[in-house]
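Trainee: Provided below are the primary sequence and the corresponding predicted coordinates.
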Amino acid sequence: MERNIEQSTKVENLQKQLETFNSTELEQAAYLLSLLQEPQAGSADNAVPMHLLGRFLGMVQNQDGTTEMALGFQNENTYGVAQGGSIYTLADVAIGFSILQNLTAGEKVFTLELKVNFIEKGQGSRLIATPLILRQGRTTVVSECTIHDDSGKLVAKALGTFYISGSPKRKEGEG
């Protein structure tokens, strides 16, 4: 009973707070609340599910191996362009999804290191990340990723090393 009263109070407080929001704040609150719903496949028909941080940043993973990030308040810096950390995360997510396509059941991928060179401002309506696996071994992967804006301008280039855990054990005699 006490928990229901506490929950009811929280809902009432949230409703009061929403009444004080301007239209921009309401749009932002609606965006944030939409993220709490079940993970969606994304806006594109050919997209695959995305985790919460990716959805928050506006990312969609496409079947063709690219990852897009819609630009907006959720990932811009104080100058109104894509924040460096969101570009870094875009590269990390794009490479991670690319590696996942080559893994077997039970294997997981983790970032060991990732270096990003920022070349131009991330602006426009979206950024597109295109990963390329340079070498995939049994437990490590080296990959790069190019990030372009929607006009085709190169925004950033990333290079990283990733660790595969849960890799199948090699049979005796295999090199």
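Mentor: Received it, and whenever you're ready, just let me know what you need.
Trainee: where's the most centrally placed residue in the chain, which helix or strand?
Mentor: What sits nearest the mean C-alpha location of the chain, by Cα atoms, centre = their mean, is residue 54, with 3.0 Å. In this structure, residue 54 is located in helix 52-57 according to DSSP states H and E.
Trainee: and that helix, what's buried?
Mentor: 54-57 (16 or more other Cβ atoms under 10 Å). No exception for glycine: its C-beta is placed from N, CA and C like everyone else's.
Trainee: pull stretch 151-170 out as CSV, backbone CA atoms only.
Mentor: C-alpha atoms of stretch 151-170 as CSV (Å, rounded to 0.1, in the frame of the first residue of the first chain):
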residue,chain,number,x,y,z
SER,A,151,26.5,15.2,-47.8
GLY,A,152,29.3,12.7,-48.0
LYS,A,153,31.9,14.8,-46.2
LEU,A,154,34.4,12.8,-44.1
VAL,A,155,33.8,13.7,-40.4
ALA,A,156,36.0,11.2,-38.6
LYS,A,157,38.1,8.0,-39.0
ALA,A,158,38.4,5.4,-36.2
LEU,A,159,40.8,2.5,-35.7
GLY,A,160,40.3,0.0,-33.0
THR,A,161,41.1,-3.4,-31.4
PHE,A,162,38.3,-5.6,-30.1
TYR,A,163,38.3,-8.7,-27.9
ILE,A,164,36.2,-11.7,-28.5
SER,A,165,35.3,-13.7,-25.4
GLY,A,166,33.7,-17.1,-25.3
SER,A,167,35.6,-18.1,-28.4
PRO,A,168,35.4,-21.7,-29.2
LYS,A,169,38.4,-23.7,-28.0
ARG,A,170,40.7,-24.9,-30.8
